[in-house]
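quick one: sequence and predicted model below, then my questions.
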Amino acid sequence: MTHTTHQQSKAQSEDAWSVERTKTGITGLDALLRGGMVRGAIYLVMGRPGTGKTTLGNQLCFEHVKQGGRAAYMTLLAESHAAMLKNLHTMRFFDESLINNGLSYVGAYRALRDEKLRGLLDMVRRVILDEKASLLVIDGISPARALAENDVALKEFVVELQMLSAMTNCTTVLLANMTAADANDPEHTMVDGLIELALEQHRRRTLRTIEVLKFRGTRHMLGRHELDIDEAGVSVHPRIEDLLDGSGKPAPASDDRLPTGIRQLDLMLRGGLLRGTSSMALGFSGSGKTTLGLHFLNAGAEAGEAGVLFGFYESPDRTFQSGERVGLQLRQHVERGKFSHVWQPSYEFGLDRLGARLVAEIERIGAKRLVIDSLDGFRQAAFDPTRTIRFMTALLGELRAREITTIMIDETMKPSGPEMEVRVDGISALVENLFLLEYMTVGPRMRRLISIVKQRASAHETTAREFFLTGRGIEVAPDAASAAEVVAHTDDFSTRHNDKPRSPEGV
Amino acid sequence: MSEAPHNVLVVDDEFASLEVLALLLTGEGFRLFTAGDGQEALERLSEAPMALVITDYKMPRMDGSELCSRMLADPRFEKIPVIFTSATYRQDVPRAKNVVGFFSKPLLFKDVLKTVHQILKSARAP
């Protein structure tokens, strides 16, 4: 017999304290948990019926086995395994070949009913050891509470289950039909982590949410985050403000100028937009904002720089048609992988899913240019409108860090004049560049003006210019003469919409 | 004819640690005895011949170190191998000569089981 050496003791001691994490494999959840679940820990996932607990529990198992682990899904008093699997089999994570080949389904109610909590604990022991499970999901923990002799017995059971998980290094997830509001039971206080799934009602829209209420040993993301269940299964969309928290290294300020595709506008900007900056193009409906955005993306694609149009309103076909009418062959750029149109009706998803989609598309095509058409889409998607500015702050910060040059379009409430409103408070302070597109009637004609209200860190043209929407797209007048004439002769159209007359120079 | 199960005494003042290690070892075919501290452990040792003692280091009334000393001082128990377990045990603490293994808590059962089998096999060897 040999004594364990001091060095061995130290190594063992360090091993005991080290934290090994198991990735859940569920989109967004590992980010929320800052790397995944702690191996050998015990977690309680709670929520009312229909919040997605069973789907989440099963998906955890399938993903775990796909990553090389072994999993067991244990039910107490829940729907039959056959019925459950039938409901899950259309989801993409489902893989029948893994069942009984790394993933086992076990019914444990009889052990609980006949031998109470001691019988259930022994059943858990057998399942973990016999199946060599590194993940165990116990679905429907409520019967264990109902059959416990008393609160102390239930507490003992949870502590023993926690110890069993730790000693066997098997991560255990309990699924419970309860909410945080009744989170005073022993299982809430004893477990290593508490996760709540919920359905939030916002007028006629329902949002699925996930909140990590407790996660020992981890600085997890706080607050409620968007959760989605579709044919892929469960996905989590952490709040962009938390996910893109500015911890990445900001890109150095660049002097590189990007042509907008509108020659005279580039001259007004003293060479184009500074790389990595964000711009806002403000204007009334029909003022030419989207066309400006298409010019910008087209110019990038022609120079070999990929761009994304993240739009909420026009379908891709309609956008291609609009481009073709002004000589922009966007379809060709799609084929070359230099242009992508993400069309996303704003009412379908919340802000974070939209943000995740946007970032994913930028990464997919390696975009360096982005047009958001429009900010209103994000505003409409927000369940809490006051969050829009925080969301946009985080998103624009991330885009800057990635050196993506962005034009964000927003519609004003008035066609022209100094009172044109921005509909998200504080947003104009977030962007480096601000364009104003106005139109007004002079006699029978509708005439358009473009101004650069600001271009941070650079000189720029300070007078307004008239511009024209032609078969070649936006064409800007070479000087301010016609703009001065427009302003001088502005008739009642603009004054009907704006109370004050405006100055011919600037805005 | 199969061998009689080995008697193993697990000593720990922490309820869950004691119960779960006992549960796991019972599942592996051992005959388990449990005690909540060193004093109680000495009583258990008198009740049945133990093949192995797995004891926590820090316990009220009588700790693991004192238990080992008492076992060494008693000819009935001096040859019983002991495994120490502890969440706070450090290498500068001297060990008695009957301590043949050490595990930091939280224990990993597969490591404990492997060591238990090795110790018992070694004890059986001529």
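It's in.

only C-alpha atoms for contact and neighbour calcs from this point on.
Will do.

the longest helix in chain A is where?
helix A:109-131 (DSSP state H).

what sits opposite the residue most central in space within chain B in the beta ladder?
Note on chain B: the residue nearest the mean C-alpha position is B:I54, at 1.5 Å, using C-alpha atoms, centre = their mean. Note on B:I54: beta-bridge partners by DSSP bridges are B:V10, B:I83.

which outside residues touch stretch A:56-73?
A:23-26, A:93-95, A:98, A:102-106, A:127-128, A:131-139, A:173, A:175, A:233-234 (C-alpha atoms under 8 Å, 6 or more residues apart in numbering or on different chains).

for it, what is the average pLDDT?
What stretch A:56-73 shows for mean pLDDT is 96.

show me the helices in the stretch 251-400 of chain A, by range?
Using DSSP state H, counting those that start in this stretch, the helices assigned to the stretch 251-400 of chain A run over residues A:263-268, A:289-302, A:316-325, A:330-335, A:351-365, A:375-381, A:388-401.

same question for the stretch 401-507 of chain A.
Using DSSP H, counting those that start in this stretch, helices in the stretch 401-507 of chain A cover A:427-430, A:481-488, A:492-497.

then chain B?
B:15-27, B:38-47, B:64-73, B:109-124.

what is the first one packed up against?
Think helix B:15-27. helix A:109-131, helix A:151-168, strand B:7-11, strand B:31-35, helix B:109-124 (3 or more C-alpha pairs under 8 Å, 6 or more residues apart in numbering or on different chains; DSSP states H and E).

got those as CSV, with distance to A:G355 and mean neighbour count columns?
Converted to CSV, those look like this (distance: least, C-alpha to C-alpha, whole Å; neighbours: other C-alpha atoms under 10 Å in any protein chain shown):
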stretch, distance to A:G355, mean neighbour count
helix A:109-131, 40, 18
helix A:151-168, 37, 21
strand B:7-11, 55, 25
strand B:31-35, 57, 19
helix B:109-124, 45, 14
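
dump those to TSV, plus mean pLDDT and distance to A:I372.
Supplementary listing: these in TSV, determined by pLDDT from 0 to 100; distance: least, C-alpha to C-alpha, whole Å:
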stretch	mean pLDDT	distance to A:I372
helix A:109-131	90	51
helix A:151-168	90	48
strand B:7-11	95	66
strand B:31-35	95	68
helix B:109-124	88	55
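
neighbours of A:M190, how many?
A:M190 is flanked by 17 other residues according to other C-alpha atoms under 10 Å in any protein chain shown.

what does the one 3 residues further on give?
Counted by other C-alpha under 10 Å, the residues lying close to A:G193 total 22.

for it, give me its contacts.
A:I42, A:Y43, A:L44, A:V212, A:L213, A:K214, A:F215, A:R216.

mark which of those residues are buried, thanks.
Buried members of those, counted by 16 or more other C-alpha atoms under 10 Å in any protein chain shown: A:I42, A:Y43, A:L44, A:V212, A:K214, A:F215.

between the helices of chain B, which gets nearest to A:G304?
helix B:109-124 (57.7 Å; C-alpha to C-alpha).

touching chain A at all, the closest one?
Yes. Under the criterion of C-alpha under 8 Å from any C-alpha of the partner chain, chain A is reached by helix B:109-124 at B:F109, B:K110, B:I119, B:S122, B:A123.

residues in contact with the second one?
The contact partners of B:K110, by C-alpha under 8 Å, 6+ apart, come to A:T168.

distance of it from A:N169?
9 Å (C-alpha to C-alpha, to the nearest Å).

cool, and the third one?
Applying C-alpha to C-alpha, one obtains 23 Å for the distance of B:I119 from A:N169.

hmm, B:S86 and the residue nearest to the centre of chain B touching each other?
No. Between B:I54 and B:S86 there is no contact under C-alpha atoms under 8 Å: 10.6 Å.

point out the residues in chain B that sit beside chain A.
B:16-17, B:19-20, B:23-24, B:27, B:90-92, B:99-110, B:119, B:122-123.

I'd like to know which of these are buried.
Buried among the residues of chain B next to chain A (16+ other C-alpha under 10 Å): B:16-17, B:19-20, B:23-24, B:99-109, B:119.

hey, what's residue 103 bridged with?
Just going to use chain A. For A:L103, the beta-bridge partners are A:A71, A:I99 (DSSP bridges).

meant chain B, my bad for not saying
Here B:F103, judged by DSSP bridges, has bridge partners B:T85.

neighbours of the residue nearest to A:E302 when sequence neighbours are not counted, how many?
Distances taken as C-alpha to C-alpha, 6 or more residues apart in numbering or on different chains place A:H333 nearest to A:E302, at 7.9 Å, with adjacent residues excluded. Per other C-alpha under 10 Å, the neighbour tally for A:H333 reads 20.

ok, now A:L136?
By other C-alpha under 10 Å, the burial measure for A:L136, its neighbour count, is 27.

relative to helix A:109-131, how tilted is the helix or strand hosting it?
Using DSSP states H and E, A:L136 sits within strand A:135-139. Put simply, strand A:135-139 runs at 170 degrees to helix A:109-131, going by axes from the mean of the first three to the mean of the last three C-alpha atoms, to 10 degrees.

the longest helix of chain A to helix B:15-27, inter-axis angle?
70 degrees.

dump helix A:109-131 to PDB, keeping only the CA atoms.
Output of helix A:109-131 as PDB, limited to C-alpha atoms (Å, rounded to 0.1, in the frame of the first residue of the first chain):
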ATOM      1  CA  TYR A 109     -42.700   7.100 -11.200                       C
ATOM      2  CA  ARG A 110     -43.200   3.500 -10.000                       C
ATOM      3  CA  ALA A 111     -39.900   3.700  -8.000                       C
ATOM      4  CA  LEU A 112     -41.100   7.000  -6.500                       C
ATOM      5  CA  ARG A 113     -44.600   5.800  -5.700                       C
ATOM      6  CA  ASP A 114     -43.500   2.500  -4.200                       C
ATOM      7  CA  GLU A 115     -40.300   3.500  -2.300                       C
ATOM      8  CA  LYS A 116     -40.800   7.200  -2.100                       C
ATOM      9  CA  LEU A 117     -37.800   9.600  -2.400                       C
ATOM     10  CA  ARG A 118     -35.300   7.000  -1.300                       C
ATOM     11  CA  GLY A 119     -36.400   4.700  -4.100                       C
ATOM     12  CA  LEU A 120     -36.200   7.600  -6.600                       C
ATOM     13  CA  LEU A 121     -32.700   8.500  -5.500                       C
ATOM     14  CA  ASP A 122     -31.600   4.900  -5.900                       C
ATOM     15  CA  MET A 123     -33.200   4.800  -9.300                       C
ATOM     16  CA  VAL A 124     -31.300   8.000 -10.300                       C
ATOM     17  CA  ARG A 125     -28.100   6.400  -9.000                       C
ATOM     18  CA  ARG A 126     -28.700   3.300 -11.100                       C
ATOM     19  CA  VAL A 127     -29.600   5.200 -14.200                       C
ATOM     20  CA  ILE A 128     -26.500   7.500 -14.000                       C
ATOM     21  CA  LEU A 129     -24.100   4.600 -13.400                       C
ATOM     22  CA  ASP A 130     -25.800   2.000 -15.700                       C
ATOM     23  CA  GLU A 131     -26.200   4.400 -18.600                       C
END
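
circling back: what's the closest of the buried ones among the contacts of A:G193 to A:T441?
Once C-alpha to C-alpha is applied, the member of the buried ones among the contacts of A:G193 that ends up nearest A:T441 is A:V212, at 56.1 Å.
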